[in-house]
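> Fold the following for me, if possible:
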Amino acid sequence: MEDLKQRKKNLIMFPLGTVGRDMMYYLFTSCIITYVLFTRSLTNAQFAAITAIVVAARVFDALNDPIMGNIIERTRTRWGKFKPWLVIGILSTSVVVYLAFNVDLQGWSFVWFFGIIYFMYSITYTMHDISYWGMVPALSTDANARNQFASRATLFAGIGGTLASVLIPMFTVGDMAIGGSTTVAYGRIALIICIIAPLFLCFTVFGVRERREYTDAPPISLKKIWTTITGNDQLLWISFIFLLQQIGNGLIVGGIGSTYIYFDFGYEGGLFSLFSIVGMSVTAFLMVFYPAISRHIKRKKLMTILAFISMAGYALMLIAGLALPSTMLKFWIITVGYALSNFGQYGYYLIMMISIINTVEYNEHRTGSRDEAIITSLRPFLTKMSSALIVLTTNLSYIIFGVTQYTNRISDFENECARNLISEQDKIMAIDNVIAGIEPGKTLALLLCMVIIPCVLMLLSYFLYKKHYKLDEDEYDSICSEIAARKEETA
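All right, here's what the predicted structure looks like:
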């Protein structure tokens, strides 16, 4: 009875903890390039340097994840192995993120600062991200309960990310920008989020009780990380599949989506907020009902259904983008198309996440060792690797299509307004003139990038999953039964 009571409490407190974390994650990873584009006037060389820094930092961050997972695996404290790193990580990340959006530097001075702060973020965010998601296997071994923890945590992560994706554009771009300019608005929003994030994580730190069944952890070594990952064939396959899916899924929110909306429909953050609200709201259905759906529809069959929904959405976006003028009718059709495509992609994300977690028992079945922190560190590792490739794809498209020649002019007007050299009304009029002068072919190129690439990568991940991932529901249950039987024999 006590275990059931604690599980119910965990099901509330654990997911609540990630709301602020994901607001911070969205601010830094999804908005930092937009912030740079519209508040800094950079040459192609400087923007290329920014791109190289982000890609290098995210690759470093990704490689650091398994190392952090191994460190957590060896942590022994009276508070467990996860919670100390949750606290240290969230507090240090808050300081770093605040600084990132509150400096007044330009040119190469900003590039150097950006490089330092981005690598610091890579280190500090990893501490609490690996700790948080690493707790999932330690909360329950029951498949249904694990689905509940994962889906609820993803639900609240989605709430945090959606709130950020709606409110940040609305209050940083256009006539609703806090303080009258994008520069001032980002600084103030960063302060608010960096206070909120640690407060939300208190729910997890003080309200969750995880299983603390320590085994003799091996010394921290790259060899241990390498052998754990490469020795698990199912983990390798699902990691590659997840990487492909995440690259496609993140292109729209990674910057191309907002830039396309501003270029095609006007420099107004409220439009992208509306685009995000509709696009993300449909995923709430999966966040809430995925555990129930997973009990009635097996994962591979569900993926087929989701693939058709996504392809319909991408087709709708492409047809509207090619055939209609830049009116609100076109905006709404593209928005609905994004909602459909995002529904399918988000369902894939949930399936992939559960599939990665389930390789913990597969590893235990084959080797006798769970290595849950190392294995679950692959999810954020892959997310960061995909984000590096998303940034590379996005920024290269900006350079190739000449996007920066327009954003540099916009950033000049934003900074003049922030220094009170021009009025907010004059700034808005000047930026409207810049938007009006954008060549239609550049806007179309952005649309093609955010439709064709995600659709192709989603389909590739679908076919690879069906062919190579063997841990379906029946196989997983069989493995868990065999592990339980072994423990009974040795008890």
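
> quick one: low-confidence parts of the stretch 151-300 of the chain?
210-222 (pLDDT under 70).

> ok, now with 50
Along the stretch 151-300 of the chain, no part satisfies pLDDT under 50.

> for residue 282, phi and psi?
Note on residue 282: its backbone torsions stand at phi -70, psi -20 [degrees, to the nearest 10].

> How many neighbouring residues does the residue lying closest to residue 470 once chain neighbours are set aside have?
The shortest distance from residue 470 to any non-neighbouring residue, by Cβ to Cβ, 6 or more residues apart in numbering, is to residue 234 (6.3 Å). Using the backbone N, CA and C atoms, a C-beta is placed for each residue, glycine as well. Residue 234 has 19 neighbours, counted by other Cβ atoms under 10 Å.

> can you tell me which residues contact residue 234?
359, 362, 469, 470, 471 (Cβ atoms under 8 Å, 6 or more residues apart in numbering).

> By neighbour count, which of the residues you listed wins?
Of these, with other Cβ under 10 Å as the count, residue 359 tops at 28 neighbours.

> what secondary structure does residue 79 sit in?
coil (DSSP: H, G, I helix; E, B strand; the rest coil).

> Excluding chain neighbours, give the residue nearest to residue 175 in space.
Residue 175 sits nearest to residue 428 (Cβ to Cβ, 6+ apart), 6.0 Å away.

> Quick check: the one you found touching residue 173?
No - checked against Cβ atoms under 8 Å, the pair residue 428 and residue 173 is beyond contact range at 10.5 Å.

> Mutual contacts of these two, please.
By Cβ under 8 Å, 6+ apart, the residues touching both residue 428 and residue 173 are residue 267.

> Could you say which helix or strand holds residue 422?
Assigned by DSSP states H and E, residue 422 falls within no helix or strand.

> check contacts around it.
So residue 422 contacts 413, 416, 430 (Cβ under 8 Å, 6+ apart).

> tell me, how many neighbours does the last one end up with?
Summarising burial for residue 430: neighbours were counted as other Cβ under 10 Å, giving 17.

> who touches it in this structure?
Neighbours of residue 430 in contact, by Cβ under 8 Å, 6+ apart: 413, 422.

> element containing the residue nearest to residue 470, please.
helix 233-250.

> buried residues in that helix?
Judged by neighbour count using 16 or more other Cβ atoms under 10 Å, the buried positions of helix 233-250 are 234-235, 237-239, 241-250.

> got the CA coordinates for it in CSV?
Provided in CSV are the C-alpha atoms of helix 233-250 (Å, rounded to 0.1, in the frame of the first residue of the first chain):
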residue,chain,number,x,y,z
ASP,A,233,22.9,-4.0,-30.4
GLN,A,234,19.3,-2.9,-29.7
LEU,A,235,20.6,0.3,-28.1
LEU,A,236,22.8,1.0,-31.1
TRP,A,237,19.9,0.6,-33.6
ILE,A,238,17.4,2.7,-31.6
SER,A,239,20.0,5.3,-31.1
PHE,A,240,20.7,5.7,-34.8
ILE,A,241,17.0,5.7,-35.6
PHE,A,242,16.2,8.2,-32.9
LEU,A,243,19.0,10.5,-34.1
LEU,A,244,17.5,10.6,-37.6
GLN,A,245,14.0,11.3,-36.4
GLN,A,246,15.1,14.1,-34.0
ILE,A,247,17.1,15.9,-36.7
GLY,A,248,13.9,16.2,-38.9
ASN,A,249,11.6,16.9,-36.0
GLY,A,250,13.7,19.8,-34.7
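
> Centre of the chain to it, how far?
Computed by Cα atoms, centre = their mean, to the nearest Å, the chain-centroid distance of helix 233-250 equals 14 Å.
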